[in-house]
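Q: next input, structure requested:
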Amino acid sequence: MENFLNWITTNQEIIYIVILMIFVGIEVIGRVPSVLHTPLMSGANAIHGVVIIGAIIVMGKAEPHNYFALGLGFVAVILGTLNVVGGFVVTDRMLEMFKGKSTKK
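A: Okay, here's the model as predicted:
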């Protein structure tokens, strides 16, 4: 417990910055109009692609017996991939809403 309290004391500024980033992110995302959702979703997909590549690189640099780093990297790759695929599915569905309805003859 004492080590944990020392870690918090040492990294207090970083913890404050992360908490501030959470509140700023919620405010910024909450004020985005729905028209901009599709372009922002495409940008988020690109960012998550970079996250996947970073996780793969970290897993490649990890020690073979460091199961925590390997497991965390594996989870990051899986969640990043799910996020990218889900983002593309949502973007595709939203773009389908803007297409005109075709008439069958």
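
Q: export stretch 46-61 as PDB, just CAs?
A: The C-alpha coordinates for stretch 46-61 follow below in PDB (Å, rounded to 0.1, in the frame of the first residue of the first chain):
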ATOM      1  CA  ALA A  46      -7.100   5.900 -38.600                       C
ATOM      2  CA  ILE A  47      -6.000   6.700 -35.000                       C
ATOM      3  CA  HIS A  48      -7.000   3.200 -33.800                       C
ATOM      4  CA  GLY A  49      -5.000   1.700 -36.700                       C
ATOM      5  CA  VAL A  50      -1.900   3.400 -35.300                       C
ATOM      6  CA  VAL A  51      -2.800   2.000 -31.900                       C
ATOM      7  CA  ILE A  52      -2.900  -1.500 -33.300                       C
ATOM      8  CA  ILE A  53       0.500  -1.100 -35.000                       C
ATOM      9  CA  GLY A  54       1.900   0.400 -31.700                       C
ATOM     10  CA  ALA A  55       0.600  -2.600 -29.700                       C
ATOM     11  CA  ILE A  56       2.100  -5.000 -32.200                       C
ATOM     12  CA  ILE A  57       5.500  -3.200 -31.900                       C
ATOM     13  CA  VAL A  58       5.300  -3.300 -28.100                       C
ATOM     14  CA  MET A  59       4.500  -7.000 -28.100                       C
ATOM     15  CA  GLY A  60       7.500  -7.600 -30.400                       C
ATOM     16  CA  LYS A  61       9.900  -5.800 -28.100                       C
END
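
Q: show me where the protein has helices.
A: Using DSSP state H, the helices of the chain run over 2-10, 12-30, 37-61, 67-98.

Q: need the contact partners of the first one.
A: The contact list for helix 2-10 (CB atoms under 8 Å, 6 or more residues apart in numbering) reads Ile15. C-betas here are computed from N, CA, C, even on glycine.

Q: coming back round to it: can you lay out the helices of the chain as CSV showing mean pLDDT and mean neighbour count?
A: Listed next are these as CSV, based on pLDDT from 0 to 100; neighbours: other CB atoms under 10 Å:
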stretch, mean pLDDT, mean neighbour count
helix 2-10, 90, 9
helix 12-30, 89, 10
helix 37-61, 80, 14
helix 67-98, 85, 13
